[in-house]
Structures are given as structure tokens and as C-alpha cells.
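K.L.:
Sequence and predicted model, in that order:
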Amino acid sequence: MAAAIKLLTVVGARPQIIKAAAISRAIANGFAGRISETILHTGQHYDDNMSDVFFRELGIPAADVQLNAGSGGHGAQTARMIDGIEAQLLKNRPDVVLLYGDTNSTLAGAVAAAKLHVPVAHVEAGLRSWNKAMPEEINRITCDHCSTWLFCPTETAVKNLEREGMVHHGMAKPNINAPSVHMNGDVMFDNSMHFAERAGKKSSVLRDQGLAQNGFALATIHRDHNTDVREHLNAIFQALLSLSDKHQLNIVLPVHPRLRKCMNANLDPGLGAAVDGSKRMHLIPPVGFLDMIELERNARLVLTDSGGVQKEAFFFNKPCVILRPETEWVELVEHRQAVLAGADAIRINEAADHFLASGVPACPPLFGDGSAAQRVCDVLVKDLG
Ligand code: UD1
Ligand code: UDP
């Protein structure tokens, strides 16, 4: 029997840890002797409720390597990660490095691996906002162009890669200059389906917050374009407050650490006091994934600038107001499951009013069939085994 493929998974930020659960589960369930996974945590996210909670509750094996890169400017943070990942690659020479999404941890993994000629597999490849002012757009383009396997969650992502000349036909073995592109569905869909039942049994978040099924909206805010720009942050909070008053609606907002920091710096004191004083605004610390999907499953409406939360709203058939001017998940907008409202208080109110009155229309599945992670493993075993 062939030796197991040595796979190095790099995670660092919250959504990557959650995504890694799907692949680790697929390896344990079907590829145990064929793929040997080592997990490297860059330490980009480090608070217990941004990192360790997900390892504990999603059954992800503990990280084998911890870089403790921590927070900082893009350059300093990414440099620490590249340095640490490179050292690990030189030490252990994996057959493939698996990277998720578009964070600085993704960028660091891509640059370190490509320069040492270690092939990269990118999960969530091909997504584009077409807005290079976003740090994530730079990260995802760079990672895609350093990759040997591009695992796309949607057909749109495949088309985006075609536009960039990334789709090659007739290659026996993919390589960094002629990568292989696969439409395999979204590992976040795998996870949401897998953990939804457990969330229903284990999570007490609705009771803890005094929330009724379909009696509240769920909001998340963490993009720098919203948190760091005073005008945008104030407009979003004004919109949330007015919605909660107008519709007598509880709004649950698990507060990302970037938002916590920026609320102190950027929220007008009067507005901050009104948010604090409102009985309907539930600002809570970040929650674990089971609590999060329990909130998503039971919300009437989701308002978010998160990539992951936009999709999860759709998985649970909930309307979504996207607090961004554009999205990588264009299918959601095309199928009228979500509306782009930016950080504009009027547009946020209009979109929310519409969805609270009408809900979302029926829609076919858009993100695969729940076995995206297994497909990733199948391809790697076929090409490397
Ligand atoms: C990062 C990603 C973003 C992703 C998000 C997911 C980049 C450039 N951005 O944004 O794409 O959507 O993660 O959540 O990679 N902090 C803490 N505790 C932590 C982590 C962060 O207090 O455990 C604070 C620090 O003050 C830090 C700030 O949050 O400076 C921002 O963290 P950082 O990882 O740089 O970016 P995110 O905004 O989390
Ligand atoms: N999430 C969570 N707890 C929270 C907020 C979000 O578990 O308090 C999960 C959410 O369900 C999704 C992922 O974190 O799976 C999204 O991460 P985030 O919004 O931080 O980043 P993005 O997806 O925008 O990169």
C-alpha cells in the first residue's frame, strides 16, 4: 500500500478553523490510511472564543504546530506567519499544503509554500469581489495563483478562474503553472448540515438570551471597511437601532474583537449610549459554532458583512441584508436571497423591511450537496496517492 499523503493544513482565523473541521472529518471517515494530516495554527486569532472553542466543539484534532503570530499590521503579522510556515515546511516537507479562504494566514501559507515548491491546495478558490481595496481580494488572488489544486465552491468561482486563464485542459498531473480547477461545493455547507442537529440539542443560546424562534434578527460586523470607517460604523448602528424600534425586534450581535475595539474608538458617544440602553439590542461576546448556527436557524433575518454568515443564512433559508457594497457570493443576490445594502442606513432599512414582510423566494441548492470535503480528499488521493 502507498504511503499516506502528508497534508499540512494551515488555519489561523475563525472561519478557517471551522472549515478545517469538514476536511478533518472527511479524512477520519474515509481517508485515514491515505491522508496524514498535520495542522498548523498561525495564531492569527487567539481568544478562546475565536479559536479554541471551535477545536473543542467541532472535534478538530489539536493543532500540531502553533505559531502564535498574533495581531498586528498586515506586514508584520503576515511576515511572522511566512517565517513560521516556511520553517515548518523545511522541517517536514509535506506533499501538499491545504489553505482556506482569503485571510493573511492564507496569504502567508501560499507565499511560503510556493517559494519552496510545495504544492498548494486552495479551498474556496476563485472567489472575487472585484474590489482590490479589500485585503481579502489581494490574499485570495495571490493564493489562487500560487495553487496547484483550486477547489471552487460555486460555478461562478470556476468562471472567475477561467477569466484569469487558470483553467487548463488535458493536463495529466496538475502543477503550479497548470493547476487543476474543481467545482466541488462548499465545505461550509457540509459543516452546517452536519452540525445543525447537534446545535439544536446542545445550544442554549436562545434561552440564555430570552429569544423566541423567529422573534429576532442576527447581525455580525467585522469588515475593516465597516468597523474602521467612522461614518460607516455609525450608519450601521443607526440602522440596527431604528429597525429594532420600528419592528419591535430583538437584534443579537455577537461582537467580533475588531468591532469591539472600533466601537470604542469610532461610535458616536450618543449612539453608543442608545445601543447600550436598548433592551432589544443584545450585544454578546463571539459565540461558538453550535450557538451560531442555532441563532441562524431561528432568526427572522440576518444582517452581516461576513462571508460565512451570508451563506449560512441561505443554508437555513433566512433572508440576508449584506452590509457591504459587493459580495463574492453573487448567487445569493441573483436569487433574491440577499440584498446588498452597504453601510447605508436607508438601504439597510429598506432591505430589512422588505424581507421582514416577504421572506425569501424558493431557491435551488447553490453550494453543492454536503460532500465538498470528501471531493477534495478524493482529488488529492487520485493526484498524489
Ligand atoms: C480576519 C481576516 C478576515 C476574516 C476575519 C474573520 C485578514 C486580513 N482578515 O479579520 O478576512 O473575515 O479574520 O473573522 O486576514 N483580535 C482579538 N482577538 C483575537 C483576534 C483578533 O482581540 O483572537 C483583535 C486584534 O485587536 C486585532 C483585530 O482583532 O488587531 C483584528 O484581527 P485580524 O486577525 O487582524 O483581522 P480580522 O478583522 O479578525
Ligand atoms: N461564527 C461563529 N461565532 C460568531 C460569529 C461567527 O461561530 O460569533 C462563525 C459563522 O457561523 C461562520 C464563521 O464564523 O461559520 C464566519 O466567520 P467570520 O464572520 O469571522 O469570517 P468570514 O466568513 O467573513 O471570513
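P.N.:
Noted; the coordinates are in hand. Ligands and ions are numbered 1, 2, ... in the order given.
K.L.:
in the stretch 51-200 of the chain, which spans are strands?
P.N.:
All strands of the stretch 51-200 of the chain, identified by DSSP state E, counting those that start in this stretch, fall at 65-66, 96-100, 120-123, 149-152, 180-183.
K.L.:
so which of those gets nearest ligand 1?
P.N.:
In terms of Cβ to the nearest ligand atom, the element of the strands of the stretch 51-200 of the chain nearest to ligand 1 is strand 96-100, at 10.8 Å. All C-beta spots, glycine's among them, are computed from the backbone N, C-alpha and C.
K.L.:
So which of the strands of the stretch 51-200 of the chain is nearest Phe289?
P.N.:
In terms of Cβ to Cβ, the element of the strands of the stretch 51-200 of the chain nearest to Phe289 is strand 96-100, at 14.8 Å.
K.L.:
Give me the residues contacting the closest one.
P.N.:
Under the criterion Cβ atoms under 8 Å, 6 or more residues apart in numbering, residues 5-11, 15-16, 19-20, 23, 89, 105-106, 109-110, 113, 118-124, 143, 147-149, 376, 380, 384 lie in contact with strand 96-100.
K.L.:
now do 7 Å
P.N.:
Residues from elsewhere that reach strand 96-100 (Cβ atoms under 7 Å, 6 or more residues apart in numbering): 5, 7-11, 16, 19-20, 23, 106, 109-110, 113, 118-124, 143, 380, 384.
K.L.:
what do you get for stretch 369-383?
P.N.:
Here stretch 369-383 makes contact (Cβ under 7 Å, 6+ apart) with 5, 22-23, 25-27, 30-31, 34-35, 96, 121, 123, 149, 151, 153, 173-174, 182, 184-187, 189-190, 193.
K.L.:
quick one: average confidence on that stretch?
P.N.:
For stretch 369-383, the mean pLDDT works out to 97.
K.L.:
next one: that stretch to chain centre, how far?
P.N.:
Taking Cα atoms, centre = their mean, to the nearest Å, the mean C-alpha location of stretch 369-383 is offset from the chain mean by 19 Å.
K.L.:
Give me the buried positions along it.
P.N.:
Neighbour-count burial for stretch 369-383 flags 370-381, 383 (criterion: 16 or more other Cβ atoms under 10 Å).
K.L.:
ok, back up a step: which of the contacts of strand 96-100 fall in helices?
P.N.:
The members of the contacts of strand 96-100 that map onto helices under DSSP state H are Gln16, Lys19, Ala20, Ile23, Thr106, Gly109, Ala110, Ala113, Cys143, Leu380, Leu384.
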